[in-house]
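Undergrad: Structural data only, the sequence is not supplied:
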């Protein structure tokens, strides 16, 4: 049921048993699981009328999937029995247990699930916001820019292509390099790769934090002749001149690199209102929400749980992580409502489907300790496989729409 907008500055009647902030994969998955468990009085706060399957945007940018296949109406994924308030949250008072909406209205809750995702800070790099209007700059991190990525890739025959990765936590940490491999493989097949300088900018001292997959990706980068800049980040863009400044994080030296294609990934952080809230973790420079790493309960406010991209957890922000976090939040929230101590634990599991070619992929699965945590025991996911690419392209989207968002998997 879609709620009618409440009058400005008037409270939304009654105290809502469970308020879920965010209608993305995290919020919808938890709401669906709670409904399946018989929980009533759930209210979803989400302003958008579109729900996006974002993991496929890499393949949209690589020319392997249409953008339209990644979108469905938000109303189609809201679970039956959940009240949807199509407004944006703008403040939270966890002491009073109220949310302030963009209308100025207040919503009172008994329990709160924080899943508003993160924000893309296009202004976080000087010149980047304006550069997105230029025809040589693209990004798979927004639906309005991802199709341009493929247009630029397929039209390139020579020059310099730069692919960047921000130094902040980000959604799908492997995506900034996956598109570099897709592009390089396309150029190799078109026999123009020898005429293109491919620069991959990585803020960490290693290409991937888990050694087992780092070795695989190092071989992939060498195969394509990619110039990998470790411990580096994009610090400025001049789109009129077609130049990007790359700064070495180890010694502070900066280099201006001309580009013919720039795939830019912006810095990312918690939404501004979350940063200003008491829920923000003081240890997080980006204002992500504090959470016990195992129970996903807020350490200071026991009626608050969090998951997904907004949670300050020492693991990669991926849809696979959310798939494991959602049942933990739902079960622990039900325990809390019943006066029990939350018993379910999250071990930090996440996975990154690392597309390494136009028909190959490796699946990196690991936990908080960066130890491999494979879920396909009979399949070697440490090597590039075509069946894994087919799994990402065709199986995972169906599992997402029909299983994860409905609380079945």
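TA: Alright, I've got the coordinates. These figures come from a predicted structure and were not determined experimentally. Numbers count the residues shown, from 1 in each chain.

Undergrad: separation between residue 286 and residue 114?
TA: According to CB to CB, to the nearest Å, residue 286 stands 15 Å off from residue 114. Placement of C-beta: from N, CA and C, glycine included.

Undergrad: So these two - more neighbours on which side?
TA: residue 114 (30 against 20; other CB atoms under 10 Å).

Undergrad: Skipping its backbone neighbours, what lies nearest the more buried one in space?
TA: Spatial nearest neighbour of residue 114, chain neighbours left out: residue 306 (4.1 Å); criterion: CB to CB, 6 or more residues apart in numbering.

Undergrad: Assess the claim that that neighbour and residue 295 are in contact.
TA: No: between residue 306 and residue 295 there is no contact under CB atoms under 8 Å: 10.6 Å.

Undergrad: Tell me which of those two has more neighbours.
TA: Each of residue 306 and residue 295 has its neighbours counted (other CB under 10 Å); residue 306 has more, 29 against 21.

Undergrad: what's the spacing between the more buried one and residue 246?
TA: In terms of CB to CB, residue 306 sits 34 Å off from residue 246.

Undergrad: same thing with residue 227?
TA: In terms of CB to CB, residue 227 sits 11 Å off from residue 246.

Undergrad: tell me the centre residue of this structure?
TA: residue 171 (2.7 Å; CA atoms, centre = their mean).

Undergrad: Please give me every residue in contact with that residue.
TA: Residue 171 makes contacts with 54, 117, 118, 141, 268, 309, 317, 318, as judged by CB atoms under 8 Å, 6 or more residues apart in numbering.

Undergrad: Switch these over to CSV; also include neighbour count.
TA: Below are the contacts of residue 171 laid out as CSV (neighbours: other CB atoms under 10 Å):
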residue, neighbour count
54, 23
117, 22
118, 22
141, 24
268, 21
309, 27
317, 21
318, 24
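
Undergrad: Residue 62 and residue 356 touch, don't they?
TA: No: between residue 62 and residue 356 there is no contact under CB under 8 Å: 11.6 Å.

Undergrad: Looking only at neighbour counts, state which of the two leads.
TA: residue 356 (26 against 23).

Undergrad: Pretty sure that one sits in a strand.
TA: Yes: remark: residue 356 belongs to a strand, assigned using DSSP: H, G, I helix; E, B strand; the rest coil.

Undergrad: how about the contacts of residue 171 in TSV, adding distance to residue 75 and pLDDT?
TA: Putting the contacts of residue 171 into TSV (distance: CB to CB, whole Å; pLDDT from 0 to 100) gives the following:
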residue	distance to residue 75	pLDDT
54	19	97
117	19	98
118	24	98
141	25	98
268	27	98
309	22	98
317	26	98
318	26	97
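
Undergrad: What about those, which are in strands?
TA: Those of the contacts of residue 171 mapping onto strands are residue 268, per DSSP state E.

Undergrad: wait, which of the contacts of residue 171 is closest to residue 282?
TA: residue 118 (17.9 Å; CB to CB).
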